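> Requesting a structural model of the entry that follows:
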Amino acid sequence: MESLLSSSDLHALCLVNKALRTLAEPFLYSKIQWTWAREESPPPITLLLRSISRRPQLAAYIRIAIFEGKRYGMIFYKTAKLPVSIAELDELVAFVRNIKLPCRDFWIKELRSGTVDAFVALLLSRLSNLTFLRLEPNFWQESRFIGLMLRSALCAESADYELPKFEHLRAVYVDEFFDASHESRVNQRRGPPFVTNTADVLPFFYLSTVKSISASIDNPVTFAWPAAHPPAASRLVSLDLTRIREAHLGQLLEVTPKLETLRWGWYYDSTLKTREPCNTGIIDLDQNGAAISYVRSTLTDLTIIAGYCMYDRVTSKGSLRALVQCDKLKSLEAPWPFLMGWLPEGAMQLKDVMPRNIEFLTITDDMSLEDDYKWHDDDAKLQKIQSWLENWRTHTPHLRCVALGIRDSSDYGWDEIRDEFKELSARVGMRIEVIELDYSRPVWGP
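Next comes the predicted model:
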């Protein structure tokens, strides 16, 4: 029924008679999806909460919850307070009192003031059958109560709270929040200020059934799990992480013994150094390799994307030799300096970092605008690739394709480079190509 009828059709069926409502309601409520920008009317979150307070079985029908914001370039702007009446609040306050959290009085106060985070946390606390959750910053603001609710539900030793354990949740997407509530503040900096969110995101790793997590995680001075013990994310097979640096990456990967896919967005902004001491302009490749070593026996796909503020200077130390130990790694995408270093002279050999069972390799031009990047001579790149591929069957017998990934091919002589790669491809018996990359974050869903 769900695949054949629209939401409006299902709603119309619910109004015909009780029998049809019984059939249609589980499909009508199975997925809630709201998009909210600051200039738009708020979604009907208070209306849904009131319906659930009167008919709790409606919450059990909700499997998918998608709360989307609208970007303005890189920035999400804070949304306004939710308009609420005293009559609407009476039923919602009863919800909060039943949860029995120590902060319930403050939570009630924030509900009365229309704080978005307080309402979203309350709604999530009713959705015990969720299988997919997507939270974007217009709903994931400050996350005082969302984070508190998650820590209490998933990490607290006390069982007194009336909160779900989210035992069906398989996939979680929580996006970064750039606090752009004051445009002048953003313009005074080189980029939008970030929100500290580690304590609010880490509880998701305690989910017993979660298979995929996509999240931006900041870099606290001391990384600490929110429970007395670290999680055992034994079912987690896919991680999409941004912002977190190599100093803390290993502590996440250490608890994911079955991870197969890792997409990691390395990021540096010098304006964050005062509160994130590990967020420096030095890429510690040894530390990066040590972190990946935790999943070397399970990882099949690894993507590393690098970004930094254009006014900052970036360099690296160490190497990614640890990748050689990733016996199951089949697909690898990484910036050239992560694999080869910043200078052609004395650069790493690809055979020294390439796992033996690799099948697809993409070397990107991330960091190519950095001052220390000296690989602007494409002949030097070609020579390095050529020296490796002359004996590729010995070192990487399962290799199927090598690609040079570029951000923009519109104003450069890539046709000539493609011709050189085509010639090399014919000579060594390997598909080699130049591809233009799409660096937009994947918008994945249930």
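> Let me see the ranges of the strands in this protein.
For the chain, strands defined by DSSP state E occupy the ranges 31-36, 64-69, 132-135, 171-174, 212-216, 238-242, 261-268, 282-284, 301-308, 315-317, 331-335, 360-364, 401-406, 431-436.
> Take these and lay them out in CSV including mean neighbour count and distance to residue 423.
Where C-beta positions appear, they are placed from N, C-alpha and C, glycine not excepted. Below are the strands of the chain laid out as CSV (neighbours: other CB atoms under 10 Å; distance: least, CB to CB, whole Å):
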stretch, mean neighbour count, distance to residue 423
strand 31-36, 17, 49
strand 64-69, 21, 47
strand 132-135, 22, 46
strand 171-174, 21, 43
strand 212-216, 21, 40
strand 238-242, 20, 37
strand 261-268, 21, 33
strand 282-284, 18, 33
strand 301-308, 19, 29
strand 315-317, 16, 32
strand 331-335, 21, 24
strand 360-364, 21, 18
strand 401-406, 19, 14
strand 431-436, 15, 9
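> would you list these in TSV and tack on distance to residue 144 and mean pLDDT?
Below are the strands of the chain laid out as TSV (distance: least, CB to CB, whole Å; pLDDT from 0 to 100):
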stretch	distance to residue 144	mean pLDDT
strand 31-36	19	89
strand 64-69	16	90
strand 132-135	14	94
strand 171-174	15	93
strand 212-216	18	93
strand 238-242	22	93
strand 261-268	25	90
strand 282-284	33	90
strand 301-308	28	89
strand 315-317	37	87
strand 331-335	36	95
strand 360-364	38	93
strand 401-406	40	88
strand 431-436	42	86
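> Looking at the ones you listed, spot the one closest to residue 122.
Nearest to residue 122, of all the strands of the chain, is strand 64-69, at 12.9 Å by CB to CB.
> Give the pairing partners of that closest one; include direction for each.
strand 31-36 (parallel), strand 132-135 (parallel) (DSSP bridges).
> Identify all contacting residues around stretch 304-314.
Stretch 304-314 has contacts (CB atoms under 8 Å, 6 or more residues apart in numbering) with 190-191, 263-271, 281-283, 333-335, 338, 364, 366-367, 369-372, 439.
> Start and end of it, how far apart?
16 Å (CA to CA, to the nearest Å).
> sorry, back to before: same list, the strands paired with strand 64-69, but as a markdown table with distance to residue 102 please.
What follows is the strands paired with strand 64-69, written out as a markdown table (distance: least, CB to CB, whole Å):
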| stretch | distance to residue 102 |
| --- | --- |
| strand 31-36 | 29 |
| strand 132-135 | 24 |
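> quick one, which of the ones you listed is nearest to residue 104?
Closest among these, using CB to CB: strand 132-135, at 22.0 Å.
> so how far is the closest one from its chain's centroid?
Relative to the centre of its chain, strand 132-135 is centred 11 Å away, using CA atoms, centre = their mean, to the nearest Å.
> what's the answer for stretch 243-253, then?
Mean-position distance between stretch 243-253 and its chain equals 13 Å (CA atoms, centre = their mean).
> mind checking how far residue 289 is from residue 240?
From residue 289 across to residue 240, the span is 20 Å (CB to CB, to the nearest Å).
> same thing with residue 230?
20 Å.
> Going along the chain, name the helices of the stretch 151-300 of the chain.
Secondary structure of the stretch 151-300 of the chain, counting by DSSP state H, counting those that start in this stretch: helices at 183-188, 198-201, 246-253, 285-293.
> In JSON lines: the strands of the chain, plus distance to residue 424.
Formatted as JSON lines, those follow (distance: least, CB to CB, whole Å):
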{"stretch": "strand 31-36", "distance to residue 424": "47"}
{"stretch": "strand 64-69", "distance to residue 424": "45"}
{"stretch": "strand 132-135", "distance to residue 424": "43"}
{"stretch": "strand 171-174", "distance to residue 424": "40"}
{"stretch": "strand 212-216", "distance to residue 424": "36"}
{"stretch": "strand 238-242", "distance to residue 424": "33"}
{"stretch": "strand 261-268", "distance to residue 424": "29"}
{"stretch": "strand 282-284", "distance to residue 424": "29"}
{"stretch": "strand 301-308", "distance to residue 424": "24"}
{"stretch": "strand 315-317", "distance to residue 424": "27"}
{"stretch": "strand 331-335", "distance to residue 424": "19"}
{"stretch": "strand 360-364", "distance to residue 424": "14"}
{"stretch": "strand 401-406", "distance to residue 424": "9"}
{"stretch": "strand 431-436", "distance to residue 424": "6"}
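> and of those strands, who's closest to residue 386?
Of all the strands of the chain, strand 431-436 comes closest under CB to CB, at 9.5 Å.
> any weak-confidence spans in the stretch 51-200 of the chain?
The stretch 51-200 of the chain contains residues with pLDDT under 70 at 70-79, 141-143, 158-159, 176-196.
> go again using 90 as the cut-off
Within the stretch 51-200 of the chain, the segments meeting pLDDT under 90 span 53-54, 68-104, 110, 112-117, 136-148, 155-163, 174-200.
> distance of residue 164 from residue 401?
In terms of CB to CB, residue 164 sits 45 Å off from residue 401.
> Then residue 281?
Counting by CB to CB, the gap from residue 281 to residue 401 is 33 Å.
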